[in-house]
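>>> Got a sequence here, can you build the structure:
(2 chains)
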Protein chains: 2
Amino acid sequence: MLRVRGAPLIGVAASQMVGKLALEGLSKAELLKSARDLYEARPTAVNLMICIDRMTDIIEKGASADQIAQLAVQIFQEDVALCDRIAENGAKLFENGDNILTHCNTGGLATAGAGTALAVIRKAHEQGKKIHVYIDETRPLLQGGRLTAWELQKLNIPCTLIADNMAAHLMSLKKISKAIVGSDRIAINGDFANKIGTYSVAVNCHYHNIPFYVAAPYTTVDSKCQCGAEIPIEQRVSTEVTGYGATQWAPKGINVYNPSFDVTPSKLVSGWILDRAVYTKSDIEKGAFKLC
Amino acid sequence: MLRVRGAPLIGVAASQMVGKLALEGLSKAELLKSARDLYEARPTAVNLMICIDRMTDIIEKGASADQIAQLAVQIFQEDVALCDRIAENGAKLFENGDNILTHCNTGGLATAGAGTALAVIRKAHEQGKKIHVYIDETRPLLQGGRLTAWELQKLNIPCTLIADNMAAHLMSLKKISKAIVGSDRIAINGDFANKIGTYSVAVNCHYHNIPFYVAAPYTTVDSKCQCGAEIPIEQRVSTEVTGYGATQWAPKGINVYNPSFDVTPSKLVSGWILDRAVYTKSDIEKGAFKLC
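Model prediction:
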């Protein structure tokens, strides 16, 4: 059961849990065991590993419960600040009249702060730019249709919900001018993993000469990961594809393939919007992500 | 409410209805009015127009009720034979080891006979070729997840159901060797309309150098249609995208775009599998479809 989702929020939430357990008086060994279990809960988003590594590090060094809880709060606050900086950096790339395609959910429901890709969109809107967003519904779990649609509606940002397979058709009609997505893990060569369907968006943007951006905090860059092929892809249960929740429409017993993420190669990305800066292919080739 | 779907079957079913009304004793004027109403029921699939034109033609010429009903039966039988010839022609393009992507439903549930694209797949399987099919679920109405999955399961053809946005990821992993789809209308330059999402499949096939075929009877070629831009695209209700049937997951009031079809340009097509032959781009440039 997915109760917490969104790469940054998974890392933040796991840290809060370790902090809470420290305050509840768990022993050092128990805390390390809990941290290890959380670390292994989801394989693709690296934010989880990076946050838990920080928590584990101070537990191993003998930090007090208060110090452990304080680090969890700090990780939460850092994520809020990272979102703000991503939004500031990314909003510069958008302008009046943009029709922006986004995939999955990357807003306040996916981070501790305003979000990543959706925070960029929100900031451009707050700056008074007249933009409109096409929301991929993002099968199978419909994070676009359920969550992004809800967030954009609350923010009064003009938007239109589509099925994932409609985006290319809109591009052929020149109805989409830019695309922006989040990420669960970025390799140092710029390849990145994100919600399944992101790669199809990237290929279609490439074919239609539409700029395709990825937005993420530096905590999404995995400095140990050389390229996208090294990123493990979580496989999920078939009932997510044979229906939605209790509504099941496919015939019983049908074979299903259900990867939760896919990898988009660096060559299809127009810019990497991070909290530190917007990076180009040239920056990455010069090793910008090796410093993260 | 869609009770009959699939371009060939829409034409066949409408013809049967006119034949039935003739046998029930409707006047010539009443029959012509009914035929006109049926003609206008769906805008994209040309098979409907072509079949109803044939029925209207003999009604106007003063044919008897029996003659009108007989033409309806003939149209049904013709469609069965067309499916068989499409299957024979197309199966030659598939071979042992093929992993075939298909979109929407193009089998026995979409035609009077064995189908179009799915009949090709079925014939290749019956010829003993070891093939495997990836089925796009085909949002929003899930004709792949509901109907194609059911048909392939009944036929014991190895298959795997995926969400539409997973196909490109499979292509990047080299898990798809060919794609085949049906069509609702083919222009004489080879552009064609088909279920929404077909264009995205075509673009992704192009990017990954995967052969992309369209299969249809000659009744799908519209000799009055010069190119894809002339094909009207049916727009459908928003509740198909905000959920599925009674299960509605998107926030109330969200704006929706829901085209039922898209147009794939000739340049992305590797071959047009018709009942008469498999046509190449060169055949079409020489005017092969002007004779349909």
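>>> So what's the residue count around the closest residue to A:Ile59 other than its chain neighbours?
Of all residues not flanking A:Ile59 in the chain, A:Leu31 sits nearest, at 5.1 Å (Cβ to Cβ, 6 or more residues apart in numbering or on different chains). Quick note: C-beta positions are derived from backbone N, CA and C, even for glycine. By the criterion of other Cβ atoms under 10 Å in any protein chain shown, A:Leu31 has 23 neighbours.
>>> List the contacts of A:Tyr213.
A:90, A:93, A:117, A:120, A:178-181, A:269-273 (Cβ atoms under 8 Å, 6 or more residues apart in numbering or on different chains).
>>> which among those residues gets closest to chain B?
A:Val181 (12.0 Å; Cβ to the nearest Cβ).
>>> what bridges to the closest one?
Going by DSSP bridges, A:Val181 is paired in beta bridges with A:Val214.
>>> you'd agree it is up against A:Ala117?
Yes - using Cβ atoms under 8 Å, A:Val181 is in contact with A:Ala117, at 5.4 Å.
>>> wait, doesn't A:Val263 sit right on A:Phe192?
Yes - A:Val263 lies in contact with A:Phe192 (Cβ under 8 Å); the separation is 7.0 Å.
>>> Spit out the residues that contact these two alike.
By Cβ under 8 Å, 6+ apart, the residues touching both A:Val263 and A:Phe192 are A:Gly228.
>>> Which of A:Val181 and A:Ala117 has more residues huddled nearby?
The residue with more neighbours, out of A:Val181 and A:Ala117, is A:Ala117; 30 against 27, by other Cβ under 10 Å.
>>> ok, the more buried one - contacts?
Shown in contact with A:Ala117 (Cβ under 8 Å, 6+ apart): A:90, A:102, A:106, A:180-182, A:213-215, A:273.
>>> that older thread, tell me which of A:Val263 and A:Phe192 has more neighbours.
A:Phe192 (32 against 25).
>>> can you give me the strands in chain A?
A:99-102, A:132-136, A:159-162, A:178-181, A:185-186, A:192-195, A:212-215, A:243-244, A:247-248, A:261-264, A:271-273, A:278-279 (DSSP state E).
>>> quick one: contacts of the third one?
So the one you mean is strand A:159-162. By Cβ under 8 Å, 6+ apart, the surrounding residues in contact with strand A:159-162 are A:132-137, A:144-145, A:149, A:152-153, A:170, B:241-242, B:250, B:254-258.
>>> make it 6 Å
Identification of contacts with strand A:159-162 by Cβ atoms under 6 Å, 6 or more residues apart in numbering or on different chains yields A:133-135, A:145, A:149, A:152, B:241, B:250, B:254-257.
>>> centre of the chain versus stretch A:102-119, how much separation?
Computed by Cα atoms, centre = their mean, to the nearest Å, the separation of stretch A:102-119 from the middle of its chain amounts to 7 Å.
>>> That one: end-to-end distance?
12 Å (Cα to Cα, to the nearest Å).
>>> With stretch A:183-197 instead?
In stretch A:183-197, first residue to last residue: 12 Å (Cα to Cα).
>>> Now for the closest residue to A:Gly97 other than its chain neighbours, how many residues are close by?
Spatially, and ignoring its direct neighbours in sequence, A:Gly97 is nearest to A:Lys130 (6.3 Å; Cβ to Cβ, 6+ apart). A:Lys130: 11 surrounding residues under other Cβ under 10 Å.
>>> Return the residues of the stretch 1-150 of chain A in contact with chain B.
A:139-140, A:142, A:145-146, A:149-150 (Cβ under 6 Å from any Cβ of the partner chain).
>>> Out of those, which comes closest to A:Asn204?
Nearest to A:Asn204 among the residues of the stretch 1-150 of chain A next to chain B: A:Arg139, at 16.0 Å, using Cβ to Cβ.
>>> How much space separates the closest one from A:Ile162?
12 Å (Cβ to Cβ, to the nearest Å).
>>> What segments of the stretch 1-150 of chain A are helices?
With helices called from DSSP state H, counting those that start in this stretch, the stretch 1-150 of chain A shows them at A:7-23, A:28-39, A:46-60, A:65-91, A:117-126, A:143, A:149-154.
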